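Undergrad: okay, sequence plus prediction incoming.
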Amino acid sequence: MRARQKHTLMPFNRVRPYILLSLFILFLALLKQFSYFESFLVNSTPTIKVGNNDNNTKSSSLNITTSNSSNYEMDDNESWPPKKQLNQLVDSQNRLVITFVNCGYSHFADNWASHLEQLGITNYVLVPLDSSAERILNATKFAFHTISVPPFLMGRKGLSGVNMFGSQQFHTLTMTRPQILNAFLDQNYTVFYNDVDTVWRRNIWKDYIDVEQEKKKFVFAYARDGSVTKLCTCLLYLEPKPEVQGLLRLWQEKCKRLRKTQHDQNAFNMMWRMHHGFSNITKHILSPKKFPAGRNVKWPKTPVTTQSNISYYLLHTNFMNFTTKQSSLENMLEWNVSGWITDEILQIECN
C-alpha cells in the first residue's frame with residue numbers, strides 16, 4: 001500500500017510577496033476611485049486672475065461698495081431665498097438654473113452667467129457664499145440675478161478664498177450644498193444646479209431636459225463623475241418632490257458625519273449606495289457624451305481657432321487645479337467674461 005503523500009503548507013515567507021502584490025493592486029484600484037486622486041493638491045493659494053479678454057472694457061476702479069440700481073433688497077420678514085425676486089426670474093415651468101459663488105470664483109460666475117445670456121437664458125441665479133462675493137456680483141450687470149448670502153452661512157469662516165481640493169476650506173465650502181438646494185425646493189422651485197466652473201454651450205433646457213422629459217418623466221437627474229461607479233454632485237436637476245427633499249436631508253446628515261478631509265460628494269455617494277440608488281425616485285443620468293467629466297475632455301494646450309467638440313452641451317473644468325481651469329476654457333474659446341470683474345477687484349476682495 002502506498003503511503004499517503006503528506007501535504008505541507010507553503011512557508012509564509014514564500015507567499016508574502018504575492019499577498020503584498022495583491023494588496024498593492026487593491027490599493028491602486030481603490031485610489032483610482034477615491035476622490036482625492038482626481039485633483040492636484042496645491043498647498044499655497046494661487047493668484048487669482050481674470051485674464052485678457054476683448055470684453056474686459058470696464059474700469060478696474062469699479063466701486064464695489066456702491067449699490068447697483070438693479071439690486072433687489074429683501075424685506076426683513078422675507079424668507080430665504082427671496083421669493084419675490086426669484087418669481088421674476090423663473091421660466092414658465094417655475095425652473096431656475098443656479099450656481100454657488102465664493103469670492104475667489106467670482107470671475108467664473110461672470111463667465112458662467114455670460115454664456116447663459118449669450119444663449120438667451122435668463123432664469124439663472126447666482127448664490128454668493130460670502131459677503132465679498134455678494135458685493136462684487138451686486139456691482140455687475142448680473143446684480144438682479146444675485147441673491148443674498150444664505151442666512152445660515154453668515155459668519156461662517158473659510159468660504160471666501162480659492163479653496164483647494166481636499167483642504168479643510170474646501171470641505172467647509174462644499175458641505176453647504178444640500179442645505180442650500182433644499183431651501184430652493186422648500187419654496188417650490190425646480191432647480192438645475194451647476195458648479196460655477198462650468199460653461200453652457202447649448203440651451204440645456206430646450207435641447208436636452210425638455211427632450212428627455214418627453215421620453216420619460218423624471219424628478220431627479222445627475223451626472224457621472226467620469227466613472228460608472230461615482231455620481232457627481234456638480235450637476236443636479238431636482239424637482240420639489242417629497243422623495244427628492246428626503247434625499248437632500250439624508251445627504252446633509254451624512255455630510256455632518258464625515259471626516260474633515262472629505263467633502264459632500266463623498267457623502268452623497270456613500271448615502272446613494274447605502275439606500276441602493278433610491279429606487280423610489282424617478283431619475284435620469286445626464287448623457288456622459290453631452291455632459292462629460294473634465295478628465296474625459298481633450299483640452300487643447302494652446303488656443304484653438306474655432307470651437308471644437310460642439311457635441312458637448314456643457315463643459316466642466318473639474319479634475320484640474322485652480323490655475324489650469326481658466327486657461328483650459330480660454331484655449332477652448334469658452335472664456336467670455338463681461339469685464340465687470342477685474343484682477344484688481346479680485347485681489348483686493350478675495351486675497
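TA: All right, it came through fine.
Undergrad: give me every residue that touches the residue nearest in space to the middle of the chain.
TA: Taking CA atoms, centre = their mean, the centroid of the chain lies closest to residue 195, which sits 2.4 Å from it. Residue 195 makes contacts with 99, 234-235, 316, 318, as judged by CB atoms under 8 Å, 6 or more residues apart in numbering. C-betas here are computed from N, CA, C, even on glycine.
Undergrad: kindly indicate the member of these with the most neighbours.
TA: In terms of neighbours by other CB atoms under 10 Å, these top out with residue 316 at 26 neighbours.
Undergrad: before we move on, back to that, just the contacts of residue 195 now: which is nearest residue 188?
TA: Of all the contacts of residue 195, residue 99 has the smallest distance to residue 188: 20.1 Å, by CB to CB.
Undergrad: so that closest one sits right up against residue 111, yeah?
TA: No - contact status for residue 99 versus residue 111: not in contact, 10.8 Å apart, counting by CB atoms under 8 Å.
Undergrad: count the neighbours of residue 306 for me.
TA: Neighbours around residue 306, by other CB under 10 Å: 6.
Undergrad: now render the contacts of residue 195 as CSV, adding secondary structure.
TA: As requested, the contacts of residue 195 are exported to CSV (DSSP: H, G, I helix; E, B strand; the rest coil):
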residue, secondary structure
99, strand
234, strand
235, strand
316, strand
318, coil
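Undergrad: possible to save those residues as TSV with distance to residue 203 and pLDDT?
TA: Supplementary listing: the contacts of residue 195 in TSV, determined by distance: CB to CB, whole Å; pLDDT from 0 to 100:
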residue	distance to residue 203	pLDDT
99	17	97
234	19	93
235	15	97
316	17	96
318	22	91
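Undergrad: what does stretch 228-238 rub up against?
TA: 33, 174, 177, 181, 185, 190-195, 198, 209, 218-226, 244, 248, 264-265, 268-269, 272, 284, 286, 291, 293, 314, 316, 318.
Undergrad: rerun that using 7 Å as the cut-off
TA: By CB atoms under 7 Å, 6 or more residues apart in numbering, the residues outside stretch 228-238 that reach it are 33, 177, 181, 185, 191-195, 209, 220-225, 244, 264-265, 268-269, 272, 286, 291, 293, 316, 318.
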